[in-house]
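A.B. asks: Here is a sequence with its predicted model. Questions after.
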Amino acid sequence: QKEVEQNSGPLSVPEGAIASLNCTYSDRGSQSFFWYRQYSGKSPELIMFIYSNGDKEDGRFTAQLNKASQYVSLLIRDSQPSDSATYLCAVNPGYSSASKIIFGSGTRLSIRP
Amino acid sequence: GAVVSQHPSRVICKSGTSVKIECRSLDFQATTMFWYRQFPKKSLMLMATSNEGSKATYEQGVEKDKFLINHASLTLSTLTVTSAHPEDSSFYICSALTSGGYRSYEQYFGPGTRLTVT
């Protein structure tokens, strides 16, 4: 069983709609959760992080965390063509800085005009 | 804040030569940095964890004698690909860990180095 699982996609969403990206993780003790965006040929860019159950909003992005169900999601409102990218979910299983962040394989998102 | 740079951004070298890639945290100190490799359309693959002042920890299957990592200061880690071969051609990305507060750490990536071995 993979430690962090994401649907590889591609997920196709019309411009202006809400894109919903999901991620599940296996380590129930995980503490920190991250969403990265990676454009083709570029390195990942941190766009959201969340530590507590519930929702966290930042502009058009909302991260949702449910530790009991072991899933974390990312909502992108008013999707734009520039949001087309691969989105990586990442989980830090421990408190220590030496804990390695574990990445999912990513979901490819395509926003169609 | 939390800017990580890498140099060079792109390098072409001949088979059998060595290449050094630098990773710097520009506006924070990073006791821990990570080195990843990514092949086209594939996932990030963690190669090693670099800790300032100590030996790097390599992931299973990564040759430590081929991929030399030095983390001599709180803002600089280097990866040297020794005796490079065409199969080492890849996108190498570093990241640095910064503290976001009590028991919270965020990881920021450098822009990556595209290595082509001919």
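C.D. replies: Done, it's in.
A.B. asks: which residue ranges form the strands in chain A?
C.D. replies: Along chain A, counting by DSSP state E, strands occupy A:4-6, A:11-14, A:19-25, A:32-38, A:45-50, A:54-58, A:61-66, A:71-76, A:85-92, A:102-103, A:107-112.
A.B. asks: What helices and strands are in contact with the fifth one?
C.D. replies: What that stands for is strand A:45-50. strand A:32-38, strand A:54-58, strand A:61-66, strand B:104-109 (3 or more C-beta pairs under 8 Å, 6 or more residues apart in numbering or on different chains; DSSP states H and E). All C-beta atoms are positioned from the backbone trio N, CA, C, and that covers glycine.
A.B. asks: Would you mind giving the ones you listed as TSV with distance to B:Glu22 and mean neighbour count added?
C.D. replies: As requested, those are exported to TSV (distance: least, C-beta to C-beta, whole Å; neighbours: other C-beta atoms under 10 Å in any protein chain shown):
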stretch	distance to B:Glu22	mean neighbour count
strand A:32-38	22	23
strand A:54-58	31	12
strand A:61-66	32	18
strand B:104-109	15	21
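A.B. asks: A:Ala19 is nearest to which of those?
C.D. replies: strand A:61-66 (9.9 Å; C-beta to C-beta).
A.B. asks: for the record, mean pLDDT for the closest one?
C.D. replies: The pLDDT scores in strand A:61-66 average 97.
A.B. asks: Stretch B:6-15 too?
C.D. replies: 97.
A.B. asks: Only the buried residues of that stretch, if you could.
C.D. replies: By neighbour count with 16 or more other C-beta atoms under 10 Å in any protein chain shown, stretch B:6-15 contains the buried residues B:6, B:11, B:13.
A.B. asks: Return the member of the strands of chain A having the minimum mean pLDDT.
C.D. replies: strand A:102-103 (a mean of 90).
A.B. asks: Return the list of helices and strands in contact with it.
C.D. replies: Applying 3+ C-beta pairs under 8 Å, 6+ apart, one finds that strand A:102-103 contacts strand A:85-92.
A.B. asks: returning to that earlier point: redo the strands of chain A as a markdown table? Include distance to B:Pro111.
C.D. replies: Shown next, in a markdown table, are the strands of chain A (distance: least, C-beta to C-beta, whole Å):
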| stretch | distance to B:Pro111 |
| --- | --- |
| strand A:4-6 | 23 |
| strand A:11-14 | 26 |
| strand A:19-25 | 24 |
| strand A:32-38 | 12 |
| strand A:45-50 | 10 |
| strand A:54-58 | 22 |
| strand A:61-66 | 22 |
| strand A:71-76 | 23 |
| strand A:85-92 | 15 |
| strand A:102-103 | 18 |
| strand A:107-112 | 21 |
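A.B. asks: Name all residues that make contact with the nearest residue to B:Glu87 once chain neighbours are set aside.
C.D. replies: Closest residue in space to B:Glu87, ignoring its immediate chain neighbours: B:Val117 at 7.9 Å, by C-beta to C-beta, 6 or more residues apart in numbering or on different chains. When contacts are counted by C-beta atoms under 8 Å, 6 or more residues apart in numbering or on different chains, B:Val117 touches B:12-15, B:84-89.
A.B. asks: between the one helix or strand in chain B whose mean pLDDT sits lowest and strand A:85-92, how big is the angle?
C.D. replies: For chain B, counting by mean pLDDT, DSSP states H and E, strand B:104-109 ranks last in confidence among helices and strands (a mean of 82). Interaxial angle of strand B:104-109 relative to strand A:85-92 (axes from the mean of the first three to the mean of the last three C-alpha atoms, to 10 degrees): 140 degrees.
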